[in-house]
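# No letters, just coordinates:
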């Protein structure tokens, strides 16, 4: 469907268009510096976000633990069979 000379004319047109374009030798260096800067910023934002989530979870956990009644929570709540021998610990935790 294309004429034999169409490819050559198209190539000449693209060559003429490309000859008017001047490449900046520092363009890649500037673009690369921008990519690295955005990558570092993303990593910093991610690290700050992870630290905030960790701190918030830690604060919520400590708040929940501080709200608990110490008399109702016993580490070992098994019933002791028989009398407790002197020197034997029957409960661990706050009295």
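Right, received. Where do you want to start? Since the model is a prediction, treat every value here as computed from it, not as a measurement.

# where in the protein is pLDDT low?
1-4, 70-95 (pLDDT under 70).

# Longest helix in it, please.
If you go by DSSP state H, the chain has its longest helix at helix 27-67.

# Which strand or helix spans residue 12?
Using DSSP states H and E, residue 12 sits in helix 6-19.

# Need the residues that contact that helix.
The contact list for helix 6-19, computed with CB atoms under 8 Å, 6 or more residues apart in numbering, is empty. Any C-beta I mention is one placed from the backbone N, CA and C, and that applies to glycine too.

# in that helix, what's buried?
Across helix 6-19, burial judged by 16 or more other CB atoms under 10 Å covers no residue at all.

# Same check on stretch 40-49?
Under 16+ other CB under 10 Å, stretch 40-49 has no buried positions.

# which residues are contacting it?
Residues contacting stretch 40-49 (CB under 8 Å, 6+ apart): none.
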